[in-house]
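K.L.:
what's the 3D shape of this:
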Amino acid sequence: MTGILTRAIGEGMKIKLLFFFLLGTILFTPAYATIPLNYPGYYTSRKINKTLDTLLISKRYSYPGEFARTADFLTKWQVQNPADTNFGGMIEAEAGELANVIQTDNTLEAIWVWARYGQLTGDTAKFSANIRNAKIYCDKYPPWKEEGAVGYDYYRVHNSAWGLTAAEVYCETYGDSSYYGFADSCADYIMSHPLNIYHPSYKYINSFVTGWAAGNLYQYGILRNNNNWTDSATTYGERLMYWITLSTQIRLSEETWAMSSGTIVWGICNSTFREDTILGKAWIETNGSYVDTFQVWRDCGDGYNWDNAWNVAYCNAHYAMYEISKNTKYKDKHKFLTDALLSYDTDFDGGITSTTQDPDTEDMCWVSSYLAKMGLNNIFETLPDTDAGIIKFISPQNQAKYNIGDTLDIILEVSNFGLKSLSGVNVKITGCYEDSAFTDLNFTETKNTAFSKRCLPQIPDTLTLIAVTTYTGDNNLSNDTTTVTFFIDLPAVSEMANEYKTSMKITPNPVISYATLSYQLPVKAKTSLKIYDVGGRLVKTLINEEKKAGSYNVNLDARSLPPGIYFAKIICGNRSFTQKLTLLK
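P.N.:
Next up, the predicted model:
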C-alpha cells in the first residue's frame, strides 16, 4: 500500500523525491549544529542540562514498575462523582492554574495508559471502572468538538489523534469492537481537516499536530484496513518532509505548547517511512542528528513553556528513528530521555510536572501519560522476560554518617525489571555483614526486603555492604549488584557538649605508659568507662558503677597494651562520649 503522492509518481519518481529532500537539506540549511544561538526568542544555552548527569548515573528504574505507578497516579485525578457534569473526566493538574481544567485529551490519554496496563499485566479488571467512566466523559465531550475557532482546528485534531490510539489499545485489550465507531469519527475528522502548516502564527503548532495526526491516522488505518486514512496520513508526512527542508536544523529543534519537533519526526516515521523504509533510512541518515536530544527550559513566548512535554516528544522521535533505521544510538537517546524525565518524579507518586519550573506538588496527568506511552512503553519492547534486580539501599544510605554503637537497619529496594512474575529471587548481602533472603516479585512489583538489625562497631570506621540478586534465567547483570559505603563516627563534640554537658580529657595524649582521664558527669547514673582497641574489642574496664554528677579523674595503666590507636568510651545513663587516644612505646 502506498500514499497518494507516492502512488501517483511511481517508483522512478520516488528516487527523485528522495534526491529532492536531500538536496533541499543542503540548499536551505545554514551550516550550524542545531540552531543558531542568536535565533529570535532563544536563550544562548540550548544544550543538554549537565546537572542531570550525576542524578541519572546513580538511579535505576524498573520501567514496568514506573508504568504501574503512573497508572495508579492517574486514578487520583479522575472525577468520581456521577452527579458531576464532568464525571469520568481527567483533571489536568494536582494544583496550580490548571487544577480545575478537565479535558477530553487528558481523559483519552488515561484510557490508553489503563488499557495498556491491562494488556501488559493481564489484569483487565483493575482499571476497568476507570475506563468505563472515562468513555462516558469522552462520548459526552468528543474530541472533535473541543474548543477552537473555525479554521483553527489544531486542538481538535490533536485530541482526535489521541482518540485513535486510545481506542486501538482499548479494543485490543478488552475485545470490545464497539469503540471503533468512536475512533472512526476521529479518523474522519483528521482526514477532513488538514492544518495549514504555513500559517504565519500557527506554523509550528499546526506542523507538530499534523505529525501527531499522521502517525496515529496511519496506524489506525492499517488496523482498520482503510486506504483513505493511510493515504491521507502519508500525504501529511510528505508535506511535513518538504516543510522541514526550508530550514532543517531550526525545524527539527523547535518547541511550543505541549509539543516539539520530535512530534513531527515521530509522525513522519510512523506514516511515510512505514510505507517506504528505504526513504526513511536515507532521511534519518541525513537529518537525524539535527533532532534535538534534550531541551532545557526556556521562555518560548506563548505562555506554554512545558519543557518536560517537549522532551517527551523528542524521546518519542528518537525511538521512532531507531525503529526505522535500526541505529542503536537513537534507542540510547530515547532511554536517556526517559530516565531524565523519570528523575523529575521527586515525590515518587507516578506523576511529573509539565515544566521543570514547577514544584512536584503540581504534577500534570497529561504529561505523565505522555511519558508512559512515549517513553516507558517503547522500552518494553527491549526488556527480557526474566530480570530481577536492586533499585537501591534504603538503609544504610550511601555516604551517610552513623554514630558508634547505633543499631542499623539493612533494607533493600528490590524490583522486577522484566516482563514475567518471579518466585524465589535470592537477595544476598556481603561485606561488613552477611545475610540472605528470598522474595517473590510479581510483574511491575517493587518491594522492600529487610535483613536482621545490626549493632554498629564501638569505634569509627568506614564500612561497605554489597547486595546481589540471583535468579535462574536472569542474564542481565547490570542491575543485579549495588554497593553502599557509610561511615561510623563520633558524635560532634559541640553537639555532645550542648546536649550532655559532659567532657573527657586524656593527659598526656599520645600515651607512653600512664595517662589520666578527666571527665565530667551531668547527672547521677550508672557509669562505665572502657577502653577499646581499633578492632572494637574491649581491652580495659576502668569504671563500672553508679556515680554522682561531678568531675572525676581515673588513671590508666597502659604498660600491658601494645602500641596503636585506642578509644576511651564513657557511658553515663543513656549518655555517651568517646575519645581517641594514641599509645606509643
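
K.L.:
Every contact and neighbour count from this point should use C-alpha atoms.
P.N.:
Noted.

K.L.:
which residue packs closest to the residue nearest the centre of the chain, ignoring adjacent ones?
P.N.:
The geometric centre of the chain, computed from its C-alpha atoms, lies nearest to Leu342 (Cα atoms, centre = their mean), at 1.3 Å. The spatial neighbour of Leu342 that comes closest, neighbours along the chain excluded (Cα to Cα, 6 or more residues apart in numbering), is Ile352 at 7.6 Å.

K.L.:
My understanding was that that neighbour contacts Asp363; is that so?
P.N.:
Yes - using Cα atoms under 8 Å, Ile352 is in contact with Asp363, at 4.8 Å.

K.L.:
show me the contacts for Ser395.
P.N.:
Neighbour list for Ser395: 408-412 [criterion: Cα atoms under 8 Å, 6 or more residues apart in numbering].

K.L.:
Most neighbours of all those residues, which one?
P.N.:
Top of the contacts of Ser395 by neighbour number is Leu412, holding 22 neighbours under the definition other Cα atoms under 10 Å.

K.L.:
Was I right to think that one contacts Pro396?
P.N.:
No - with contact taken as Cα under 8 Å, Leu412 and Pro396 are classed as non-touching, separated by 9.0 Å.

K.L.:
just to revisit the earlier point, more crowded one of Ile352 and Asp363?
P.N.:
Regarding Ile352 and Asp363, a neighbour count based on other Cα under 10 Å identifies Ile352 as having more, with 32 against 27.

K.L.:
Tell me what the more buried one is bridged to.
P.N.:
Listed by DSSP bridges, the beta-bridge partners for Ile352 are Met364.

K.L.:
Can you name the residues that contact it?
P.N.:
Residues touching Ile352, when contacts are defined by Cα under 8 Å, 6+ apart, comprise 341-342, 344-345, 360, 363-365, 367-368.

K.L.:
Any stretches of the stretch 51-200 of the chain with poor pLDDT?
P.N.:
Screening the stretch 51-200 of the chain residue by residue with the criterion pLDDT under 70, one finds the ranges 51-58.

K.L.:
again but with the chain, I slipped
P.N.:
Short version for the chain, where the test is pLDDT under 70: 1-58, 490-502.

K.L.:
domains of it?
P.N.:
Residue ranges for the domains of the chain, per automatic domain parsing: 1-61+222-342, 388-489, 493-583.

K.L.:
could those domains go into a markdown table alongside distance to Arg132?
P.N.:
As requested, the domains of the chain are arranged in a markdown table below (distance: least, Cα to Cα, whole Å):
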| stretch | distance to Arg132 |
| --- | --- |
| domain 1-61+222-342 | 23 |
| domain 388-489 | 24 |
| domain 493-583 | 59 |
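
K.L.:
So which of those is nearest Ala372?
P.N.:
Taking Cα to Cα, domain 1-61+222-342 is the member of the domains of the chain nearest to Ala372, at 9.3 Å.

K.L.:
Please report the distance of Glu546 from Ser395.
P.N.:
Separation of Glu546 from Ser395 (Cα to Cα, to the nearest Å): 36 Å.

K.L.:
Asp345 now?
P.N.:
The value you get for Asp345 to Ser395, if Cα to Cα is used, is 21 Å.

K.L.:
just Ala166 next, same as before
P.N.:
When distance is defined by Cα to Cα, Ala166 is 41 Å away from Ser395.

K.L.:
How about Ser478?
P.N.:
With distances taken as Cα to Cα, Ser478 is found 21 Å from Ser395.

K.L.:
ok, now Met259?
P.N.:
Met259 sits 40 Å away from Ser395, taking Cα to Cα as the criterion.

K.L.:
Quick one: the helices in the stretch 351-500 of the chain, in order.
P.N.:
Defined through DSSP state H, counting those that start in this stretch, the helices belonging to the stretch 351-500 of the chain, from first to last, are 365-370, 377-380, 493-500.

K.L.:
Can you list the helices and strands that the first one packs against?
P.N.:
Where contact means 3 or more Cα pairs under 8 Å, 6 or more residues apart in numbering; DSSP states H and E, helix 365-370 is packed against helix 63-75, helix 104-121, helix 307-325.

K.L.:
Done for today, thanks.
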